[in-house]
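J.: what's the 3D shape of this:
(chains A and B)
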Amino acid sequence: MTSAVAILPSQQLAPLNEAYRKAVARKRLRVALGAAVFVAALVIAAFGAEVNLKTFFTYIGNFASYFDRILKLDDGSRVWTNVGEWFWGWQKWLRLLGETLLISYVGTLIGAVFAFLLNFFAAENTSPATWLRFVVRRLLEFARTVPGIVFALIFVIAFGLGPMAGVLAIAIHSTGALGKQFSEIVENADMKPVEGVHSTGASWVSCMRFAVLPQVVAGYASYALLRFEINVREASVMGFVGAGGIGQELVVAIRKFYYSDVSAILVTIIITVFIIDIATGWLRGRLFGKEART
Amino acid sequence: MNQVPAPDSDQLRARYPQVFERPASARLATPVVALLALAIFIFGLVDLDFSPTRFFNGLHELGWITLLMLPPDPGSSLPLYLKAMGETLSIALLGTTLAALMALPVSLFAARNVVPDIVRFPVRRFLDSIRGVDTLIWALVWINVVGLGPFAGVLAIAVSDFGAFGKLFSEAIEAADRKQVEGIRASGGSAVHEIRFGLLPQVLPVIAGQVLYFIESNTRSATIIGIVGAGGIGLQLAEQIRVLEWQKVSFLILMILVAVAAIDWISGKLRFAIIGRRAVA
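T.: Purely as a prediction, here's the structure:
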């Protein structure tokens, strides 16, 4: 069975159509204005960043051929035809990779401990005093806004070249990032247990230990693992400024055009990042699964 | 008043064995993990040459550096620094835009609901590999290709964000509602029509929000890629640290903090305007 669609008489339809057209035109104007401002910003930025399309198109071939070159051994054969030659320095690289992982592990752990100590003061619902919260929050903000590698540059001068500077840089950056995330978890925690513990005459520390901590500890672990994963990437470039890890080796290989070494080190880093990704993902799944069960 | 009967603990024990007698593996898990973590930590401290003397000497040095940083003072280089800051912001804006433009078509090939798994899997792994390499490394590679300068920075940010955007966009596409797409198909639309009218209107606001967020985080990245010579304020910062001009260093750090805060504020406002307050919070 077919049914006819009722069409409004034209004297009613006309003003409705008119209003619709106006609304659409208004929206289009807004989008067009936004696009114009955006394009203008892009043009200004292109001048600011000295974008030179001529250079780009002259050298874009180099980008492709760069990957061609890093996948070739010195004798011109492809790297995967002679893996032993490609990864000739694997003992050294594995040791440096281990150092990179240790840097990020120790840095994350120190950062997590400081973030743990500070986060209760930064959270809206548990902070004992407003001025304290303000101070701690600004401190954490500073620690996470200054890029880790800038801290590393300064620490290399203060503590000397070597992985110690990298660890401390990562620790400070992690304190800032984790402190914020931890305090957000605390802000989402249920406050009734706190009231319960408080009503028994417990101190602030006992309230945090027995009422807040059991609710938030799984979230803490999850964020700390995620941060560890991010820090592995970060630690892989700390060597660029002399703060330890595999970055030193990589920057030398890139700057001195040891092509096959570049690809070998990059492959090592990428595989490690993959493995860490999968492992922490699995661990986080287990942590959250456990929390959901109990 | 009723007397509460004393609990028959033997019976309770029998009924809830898992509460009273947790298996040794469950009881030992936490201390073992904690001990292991501590052991690796101590091994790390030893292996990475931590020593109390080095630490406290360094802290002493750091205290001096902090004192020397005060008050922040650009000297006579303020115009130079402002120009470098402009360069940094340009790098962030251009790099992010370029990355988003490249990632949008590719992300379709990484979304479960657009292409079959056999296409999706290699595209995903490709994007993952790009993301596994840090922006600074990309900057070094591009410097080899287009030479020193901010343009290398733009391309470095574009490439490394291309990986991140590809993943995020494809996740946004996967989260989109099927019904609109089915509606387009039912009315006789082609595959391209399905994407243009069924998918894009749903995912564009989400994508716009992510791009704005990345402009902010890329301002941070753009401040440091200068350290390897790819333009922007990082170049000045690294130079001033190397020549130990601490007052200039602290001024540059302050500039970075202010710029990041400003971009944060602007992109937050824009995100509210585009996708509404609730979706952001």
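J.: Contact partners for residue 49?
T.: This is for chain A. For A:A49, the contact set (Cβ atoms under 8 Å, 6 or more residues apart in numbering or on different chains) comprises B:E87, B:S90, B:I91, B:L94, B:P150, B:F151, B:G153, B:V154, B:G231. To be clear about C-beta, it is placed using only N, CA and C from the backbone, and glycine gets the same treatment.
J.: Can you look at chain B instead?
T.: If you count contacts by Cβ under 8 Å, 6+ apart, B:D49 has them with A:G162, A:P163, A:M164.
J.: if we can go back for a sec, which of the contacts of A:A49 are buried? Put it as a PyMOL command.
T.: In PyMOL, a selection of the buried entries from the contacts of A:A49 looks like this (16 or more other Cβ atoms under 10 Å in any protein chain shown):
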select buried, chain B and resi 87+90+91+94+150+151+153+154+231
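J.: Nearest to chain A among the contacts of A:A49?
T.: B:S90 (3.4 Å; Cβ to the nearest Cβ).
J.: so how far is A:A143 from the residue sitting nearest the centre point of chain B?
T.: Within chain B, the residue whose C-alpha comes closest to the C-alpha centroid is B:S217; the distance, by Cα atoms, centre = their mean, is 6.8 Å. As defined by Cβ to Cβ, to the nearest Å, B:S217 lies at a distance of 16 Å from A:A143.
J.: residue ranges of the helices in the stretch 101-250 of chain B, please?
T.: According to DSSP state H, counting those that start in this stretch, the stretch 101-250 of chain B carries its helices in the segments B:117-132, B:135-146, B:150-174, B:178-186, B:191-193, B:200-224, B:233-242, B:246-280.
J.: Same list as before, those helices that is, but in TSV and with distance to A:A32 included.
T.: Compiled in TSV, the helices of the stretch 101-250 of chain B are given as follows (distance: least, Cβ to Cβ, whole Å):
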stretch	distance to A:A32
helix B:117-132	32
helix B:135-146	33
helix B:150-174	24
helix B:178-186	25
helix B:191-193	24
helix B:200-224	16
helix B:233-242	34
helix B:246-280	15
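J.: now those as JSON lines including mean pLDDT and distance to A:K192?
T.: Written out in JSON lines, the entries for those read as follows (pLDDT from 0 to 100; distance: least, Cβ to Cβ, whole Å):
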{"stretch": "helix B:117-132", "mean pLDDT": "84", "distance to A:K192": "42"}
{"stretch": "helix B:135-146", "mean pLDDT": "85", "distance to A:K192": "45"}
{"stretch": "helix B:150-174", "mean pLDDT": "87", "distance to A:K192": "35"}
{"stretch": "helix B:178-186", "mean pLDDT": "85", "distance to A:K192": "41"}
{"stretch": "helix B:191-193", "mean pLDDT": "84", "distance to A:K192": "53"}
{"stretch": "helix B:200-224", "mean pLDDT": "83", "distance to A:K192": "34"}
{"stretch": "helix B:233-242", "mean pLDDT": "86", "distance to A:K192": "49"}
{"stretch": "helix B:246-280", "mean pLDDT": "79", "distance to A:K192": "27"}
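J.: now for the ones you listed, which one comes closest to B:L82?
T.: Taking Cβ to Cβ as the criterion, helix B:246-280 is the member of these that comes nearest to B:L82, at 8.4 Å.
J.: just checking, what packs against the closest one?
T.: Taking 3 or more Cβ pairs under 8 Å, 6 or more residues apart in numbering or on different chains; DSSP states H and E as contact, the helices and strands that helix B:246-280 lies on are helix A:130-145, helix A:148-159, helix B:52-69, helix B:78-108, helix B:200-224, helix B:233-242.
J.: switch the cut-off to 7 Å
T.: With contacts taken as 3 or more Cβ pairs under 7 Å, 6 or more residues apart in numbering or on different chains; DSSP states H and E, helix B:246-280 sits against helix B:52-69, helix B:78-108, helix B:200-224, helix B:233-242.
J.: Next, the angle helix A:130-145 makes with the third one.
T.: If I follow you right, that is helix B:200-224. Here helix B:200-224 runs at 90 degrees with respect to helix A:130-145, directions being taken by axes from the mean of the first three to the mean of the last three Cα atoms, to 10 degrees.
J.: restrict the contacts of B:D49 to those near chain B?
T.: The subset of those lying close to chain B, counting by Cβ under 7 Å from any Cβ of the partner chain, consists of A:G162, A:P163, A:M164.
J.: Give me the subset of these lying in helices.
T.: Assigned to helices by DSSP state H, the following of the ones next to chain B among the contacts of B:D49 qualify: A:P163, A:M164.
J.: thinking again about what came up before, using TSV, lay out the contacts of A:A49 together with distance to B:L237.
T.: As requested, the contacts of A:A49 are exported to TSV (distance: Cβ to Cβ, whole Å):
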residue	distance to B:L237
B:E87	13
B:S90	17
B:I91	14
B:L94	21
B:P150	15
B:F151	19
B:G153	14
B:V154	19
B:G231	12
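J.: The contacts of A:A49 into JSON lines, with extra columns for distance to chain A?
T.: Putting the contacts of A:A49 into JSON lines (distance: Cβ to the nearest Cβ, whole Å) gives the following:
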{"residue": "B:E87", "distance to chain A": "5"}
{"residue": "B:S90", "distance to chain A": "3"}
{"residue": "B:I91", "distance to chain A": "5"}
{"residue": "B:L94", "distance to chain A": "5"}
{"residue": "B:P150", "distance to chain A": "4"}
{"residue": "B:F151", "distance to chain A": "6"}
{"residue": "B:G153", "distance to chain A": "7"}
{"residue": "B:V154", "distance to chain A": "5"}
{"residue": "B:G231", "distance to chain A": "7"}
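J.: Centre of the chain to the one helix or strand A:K180 maps to, how far?
T.: Using DSSP states H and E, A:K180 maps to helix A:163-187. Helix A:163-187 has its average C-alpha position 12 Å from the chain's average C-alpha position, going by Cα atoms, centre = their mean, to the nearest Å.
J.: pLDDT averaged over that helix - what is it?
T.: The average pLDDT within helix A:163-187 is 90.
J.: who does it touch, helix- and strand-wise?
T.: helix A:90-122, helix A:130-145, helix A:148-159, helix A:213-238.
J.: Got the phi and psi for B:N113?
T.: Taking degrees, to the nearest 10, you get phi -90, psi 0 for the backbone angles of B:N113.
J.: And for A:K72?
T.: With angles defined as degrees, to the nearest 10, A:K72 shows backbone torsions of phi -120, psi 140.
J.: No more questions from me, cheers.
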